[in-house]
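# Show me how the following folds:
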Amino acid sequence: MNVMRFALPVFASFGVCSCGGAASSPDALARELQKAMTSGNFEAARSLADIGGAPAELHFAYLSNVLDCSGASKCTVATAPLDAEFRQGLLDDAKREGAQAPQADGLIVLTMRSDDGSESGTMKMPYAKIDGQYKLATLHLTPAELARRRAQTSESLLKQMLADGIYDNASGARRTDWETAATKLPAGGGEPGAALIEQTRKMAAAVDAKDPDAAMRAGGRWAMLVFADKDYEGKPLAIEQRKRKLYVQSLRMLRDVKVLGGYQLGDDAVLLVEARDGIGWVERGALLVSRDAGVWDASLGGKQMVSYPQ
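Below you'll find the predicted structure:
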């Protein structure tokens, strides 16, 4: 059984309330969240959480649970006391990430079980009284942390990624000599940069058109698996469920991508990019793309990027 804190540091939010939900008590919050999860109502679920200013990864993680609970999993929502271990975890996360921990009043416990009973999991989420209503709560990035992110240059993120090393398929080890061994790419990123821009442009168009079939064609090997029209047993998937999955995944997809340069070594390239994600936050830094059978694909690459609201 997997237990995860909702206020994970990478999902910290910046103190902007996602207004609209109405839960006058913790039990009411649990009931309304149960309804939203079971029905797959993204907007209702969003209104019950303080994630209005949170980064895309939190929106994705949260709404992925809504998607799962309305699909192949049965979910139950209940309240629980805030235990000392969880509270300390929030404080530790906040200290590590330069954030302020929420003044949590208790926990919402989401228990998920797949329809066939083969998998189960539990996620604990803190709640607090915010503007007179109970909502799920997250860490709030401090102004100093946001300033640090904005001040961090994309070039420094690229250098850090290269220094950490890029996995080399031939040797099975990380190469840390990219700055001297790789070919430096011009503005636009050459062939791999053009491929990244085209792939993300087509994927954004598929998202806007709510077309999972177009997304399969546009997004590389990852998209072929994620947005497939059949499940792993070959059974057809309902188009509406595939559209909902496309929406949730789109929250963390890059769009309006600009490539400022980078490095290429064989069938791998590390690109210096500026973009925005599906909720409109700035995403910039270094992104790895790889070439397979003559086709450049960014869907499975690593990245060293920073994000913040515009």
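
# which regions of the chain sit below the pLDDT cut-off?
Residue ranges of the chain with pLDDT under 70: 1-22, 117-119.

# Now do the domain split for it, please.
According to automatic domain parsing, the chain is divided into the following domains: 3-145, 152-308.

# Reformat the ones you listed as TSV; add mean neighbour count.
(C-beta placed from N, C-alpha, C; glycine too.) What follows is these, written out as TSV (neighbours: other CB atoms under 10 Å):
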stretch	mean neighbour count
domain 3-145	18
domain 152-308	17
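
# before we move on, which element is the residue most central in space within the chain in?
For the chain, the residue lying nearest the average C-alpha position, counting by CA atoms, centre = their mean, turns out to be Glu57 (2.6 Å). Secondary structure assignment for Glu57, by DSSP states H and E: helix 56-69.

# ranges for the strands of the stretch 51-200 of the chain?
Counting by DSSP state E, counting those that start in this stretch, one finds strands in the stretch 51-200 of the chain at the ranges 73-80, 99-100, 106-114, 120-130, 133-136, 140-141, 166-168, 173-175, 183-185.

# can you put those strands in CSV and add distance to Arg244?
Compiled in CSV, the strands of the stretch 51-200 of the chain are given as follows (distance: least, CB to CB, whole Å):
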stretch, distance to Arg244
strand 73-80, 14
strand 99-100, 31
strand 106-114, 17
strand 120-130, 20
strand 133-136, 21
strand 140-141, 29
strand 166-168, 33
strand 173-175, 38
strand 183-185, 37
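
# what's the longest helix belonging to the chain in contact with?
When the chain is scanned for its longest helix (criterion: DSSP state H), the result is helix 190-208. Where contact means CB atoms under 8 Å, 6 or more residues apart in numbering, the residues beyond helix 190-208 that reach it are 185, 188-189, 212, 214-215, 217-220, 223, 246-247, 250, 253-259, 262, 264, 269, 271, 273, 275, 278, 287, 289, 291, 295-299.

# Would you mind writing the CA trace of that helix as CSV?
Listed next in CSV are the C-alpha coordinates belonging to helix 190-208 (Å, rounded to 0.1, in the frame of the first residue of the first chain):
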residue,chain,number,x,y,z
GLY,A,190,19.2,22.5,-35.5
GLU,A,191,17.4,19.3,-36.5
PRO,A,192,16.5,18.1,-33.0
GLY,A,193,15.3,21.5,-32.1
ALA,A,194,13.0,21.8,-35.1
ALA,A,195,11.7,18.3,-34.3
LEU,A,196,10.9,19.3,-30.8
ILE,A,197,9.0,22.5,-31.9
GLU,A,198,7.0,20.5,-34.4
GLN,A,199,6.1,17.7,-32.0
THR,A,200,5.0,20.1,-29.3
ARG,A,201,3.0,22.2,-31.8
LYS,A,202,1.1,19.2,-33.1
MET,A,203,0.5,17.9,-29.6
ALA,A,204,-0.9,21.3,-28.5
ALA,A,205,-3.2,21.3,-31.6
ALA,A,206,-4.4,17.8,-30.6
VAL,A,207,-5.1,19.0,-27.1
ASP,A,208,-7.0,22.0,-28.2
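
# For the next helix or strand along the chain from it, what is the distance to the chain centroid?
Sequence-wise, the next helix or strand downstream of helix 190-208 (DSSP H and E) is helix 212-218. In this view, helix 212-218 has its centroid 20 Å away from the chain centroid, taken as CA atoms, centre = their mean, to the nearest Å.

# Who are the packing partners of the helix or strand just after helix 212-218?
Beyond helix 212-218 on the C-terminal side, the first helix or strand identified by DSSP H and E is helix 220-226. The helices and strands touching helix 220-226, judged by 3 or more CB pairs under 8 Å, 6 or more residues apart in numbering; DSSP states H and E, are helix 212-218, strand 295-297.

# Which SSE is immediately downstream of the last one?
Scanning the chain past strand 295-297 towards its C-terminal end, the next helix or strand to appear is strand 303-308 (assignment: DSSP H and E).

# need the contact list for the residue nearest to Gly278 when sequence neighbours are not counted.
Spatial nearest neighbour of Gly278, chain neighbours left out: Leu251 (4.1 Å); criterion: CB to CB, 6 or more residues apart in numbering. Neighbouring residues of Leu251 by CB under 8 Å, 6+ apart: Ala56, His59, Phe60, Leu63, Asp277, Gly278, Ile279.

# The last one against Leu58, yeah?
No: with contacts counted by CB atoms under 8 Å, Ile279 stays clear of Leu58, the gap being 9.5 Å.

# among the contacts of Leu251, which two are most distant?
Maximum pairwise distance in the contacts of Leu251, criterion CB to CB, is 13.9 Å, between Leu63 and Asp277.

# right, and the helices and strands packed on helix 220-226 - which one's nearest Ala104?
Minimum separation from Ala104 across those (CB to CB) falls at helix 212-218, 37.3 Å.

# so how far is Pro236 from the residue nearest to the centre of the chain?
Taken as CB to CB, to the nearest Å, the spacing of Glu57 relative to Pro236 amounts to 30 Å.
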